[in-house]
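*Asks:* Dropping the sequence and predicted coords here.
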There are 2 protein chains.
Amino acid sequence: MTKNRIISAAIEEFAEHGYHAATIRDICKRAGVNIAAINYHFSGKAELYRRSLEMIFSFKQPLPCADKIKSDSDLKSVMKSWIMAFLYRGNDKKILENRLMEKIAYHEMLTPSVIFDEIFDAYLMPDVVSLEKILRKGLPPDTSEKEIKMRIFSVLGSCKFYFFHYRIVEKIWTEGDFLEDNMDMIVDYITAQSLLGLKFS
Amino acid sequence: MTKNRIISAAIEEFAEHGYHAATIRDICKRAGVNIAAINYHFSGKAELYRRSLEMIFSFKQPLPCADKIKSDSDLKSVMKSWIMAFLYRGNDKKILENRLMEKIAYHEMLTPSVIFDEIFDAYLMPDVVSLEKILRKGLPPDTSEKEIKMRIFSVLGSCKFYFFHYRIVEKIWTEGDFLEDNMDMIVDYITAQSLLGLKFS
DNA sequence: GCAAAATTCAAACACGCGATTTAAACTAAC
DNA sequence: GTTAGTTTAAATCGCGTGTTTGAATTTTGC
């Protein structure tokens, strides 16, 4: 179907070049479709972008939450599974959609479009919320908000580095896909770091 | 001098919008200069970009290195000063150049120009080398290369998050500049994390 | 003081972009 | 076979881009 081919091509072009740098002509060329099809099936580039994001973000899966935590050992395993899911989701080549989501989110981070807020709310915020709940289970109730946020930022930074700075990773580690080849080690390390100073660790 | 005013304005525009999205009209408007001046003083937009990067990256200062480490307590303090310098350098509003460097580097990360390699070698690699030396001082000699790289990536991720994902930081922490207001806590936390499992810690 | 060089300026150029329109051709359903 | 829905190629439009032009202006050197 033409409509779907356009959206698929649009997602890849938007992920590669961002909204502004992506051109309708390249999208149509990639989709093997006439230029007029954009204005026939959608009302224009802006609407196509909106629909493309709707499509790609519909694949998003919720991350492990703190609801399952009953004991301290649960806390550790849930934290680990959160980090693993966060990392694996972004890297799994079978789930290409997540890679595209990351790229689009990164373009929005540098050159936000009008729907930056929507992307933040729909894509990143749910992960942050679940991570925060997990962290709070391991921290004393009088922990300052600053420290909780700082811990969130640290986990996000350690994980997201592999996606956004993948060009750096590739330059420093040239023997294959570093994240994919060392997933277990990385997950364990970030997990241990994230639990640093928590009540049971 | 016109030439310098153009370069200053160009650096800011390139940092804000990246090479492709930055326009020479905006650069000239910001510099208060006629459009033709770009092609008179430089040969065009590409050359202006090259010269602008030359200028901004000339401000780069080397980070603390492992040479000063004599004891285990030295290791900890050197690591801390590396992290503080890395964070502070990118955030210090008095040293605006470093903030601009970061932004330009991020644009290059997403949409690399032909001089991406030069930027990587001149801007990031020296920091990585000094960090690696510090880490090696605290790790047993038989530590795998993978683990060393992973620790590097983790430190870089935790630090760089505050710069690249500053829009996320601003959304999650709305009460002022999170990094600037909590520099000590953040530096101590990342330092402690980076030393996790090291021989003396 | 003045001629020559360097610089600045307003205006225009060529090109590619996104948006839109047109009329024709094709497809599927009834 | 007719009709409605879809796809196509081509053209036009207005706009923004980097670049160029040639004249006006300022600075320099003697």
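*Replies:* Here it is on my side, so go on.

*Asks:* quick one, phi/psi of A:L196?
*Replies:* phi -60, psi 120 (degrees, to the nearest 10).

*Asks:* let me redo that: A:P62
*Replies:* The phi/psi pair for A:P62 (degrees, to the nearest 10) reads phi -70, psi 150.

*Asks:* what's the residue lying closest to it once chain neighbours are set aside in contact with, if anything?
*Replies:* Nearest residue to A:P62 in three dimensions, chain neighbours excluded: A:P126, at 6.2 Å (C-beta to C-beta, 6 or more residues apart in numbering or on different chains). Yep, even glycine has a C-beta here, placed from its N, CA and C like the rest. Shown in contact with A:P126 (C-beta atoms under 8 Å, 6 or more residues apart in numbering or on different chains): A:60, A:62-63.

*Asks:* how about 10 Å then?
*Replies:* Taking C-beta atoms under 10 Å, 6 or more residues apart in numbering or on different chains as the criterion, A:P126 is in contact with A:60-63, A:65.

*Asks:* Next, format those as JSON lines and append distance to B:F164 and secondary structure.
*Replies:* Compiled in JSON lines, the contacts of A:P126 are given as follows (distance: C-beta to C-beta, whole Å; DSSP: H, G, I helix; E, B strand; the rest coil):
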{"residue": "A:K60", "distance to B:F164": "21", "secondary structure": "coil"}
{"residue": "A:Q61", "distance to B:F164": "24", "secondary structure": "coil"}
{"residue": "A:P62", "distance to B:F164": "25", "secondary structure": "coil"}
{"residue": "A:L63", "distance to B:F164": "21", "secondary structure": "coil"}
{"residue": "A:C65", "distance to B:F164": "27", "secondary structure": "coil"}
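
*Asks:* now stretch A:132-141, how far from the chain's geometric center?
*Replies:* With C-alpha atoms, centre = their mean, to the nearest Å as the basis, stretch A:132-141 stands 23 Å off its chain's centre.

*Asks:* Flag every buried residue along it.
*Replies:* Buried residues in stretch A:132-141, counted by 16 or more other C-beta atoms under 10 Å in any protein chain shown: A:132, A:134-135, A:137-139.

*Asks:* what's the answer for stretch A:99-114, then?
*Replies:* Applying 16+ other C-beta under 10 Å to stretch A:99-114 flags A:99-111, A:113 as buried.

*Asks:* Next step: those residues restricted to helices.
*Replies:* A:99-110 (DSSP state H).

*Asks:* re earlier: most surrounded residue in the contacts of A:P126?
*Replies:* A:L63 (19 neighbours; other C-beta atoms under 10 Å in any protein chain shown).

*Asks:* residues touching that residue, list them.
*Replies:* By C-beta under 10 Å, 6+ apart, the residues touching A:L63 are A:81-86, A:89, A:126-131, A:134.

*Asks:* Can you tell me which of these has the lowest confidence score?
*Replies:* When it comes to pLDDT, A:R89 is the least confident member of the contacts of A:L63, at 74.

*Asks:* How is chain A divided into domains?
*Replies:* Per the record, chain A has its domains at A:2-56, A:59-194, by automatic domain parsing.

*Asks:* Minimum distance to DNA strand C: which of these has it?
*Replies:* Of all those, it is domain A:2-56 that lies closest to DNA strand C, at 3.0 Å by C-beta to the nearest atom of the strand.

*Asks:* How about the closest one and DNA strand C, touching?
*Replies:* Yes - Domain A:2-56 lies within reach of DNA strand C by C-beta under 7 Å from any atom of the strand, at A:22-25, A:35-36, A:38-39, A:43-46.

*Asks:* List the ones among the contacts of A:L63 that fall in helices.
*Replies:* Using DSSP H, the contacts of A:L63 in helices are A:81-86, A:89, A:126-131, A:134.

*Asks:* May I see the ChimeraX selection of the buried members of these?
*Replies:* Restricted to buried positions by 16+ other C-beta under 10 Å, the ChimeraX selection for the ones in helices among the contacts of A:L63 reads:
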select /A:81,82,83,84,85,86,89,127,128,130,131,134
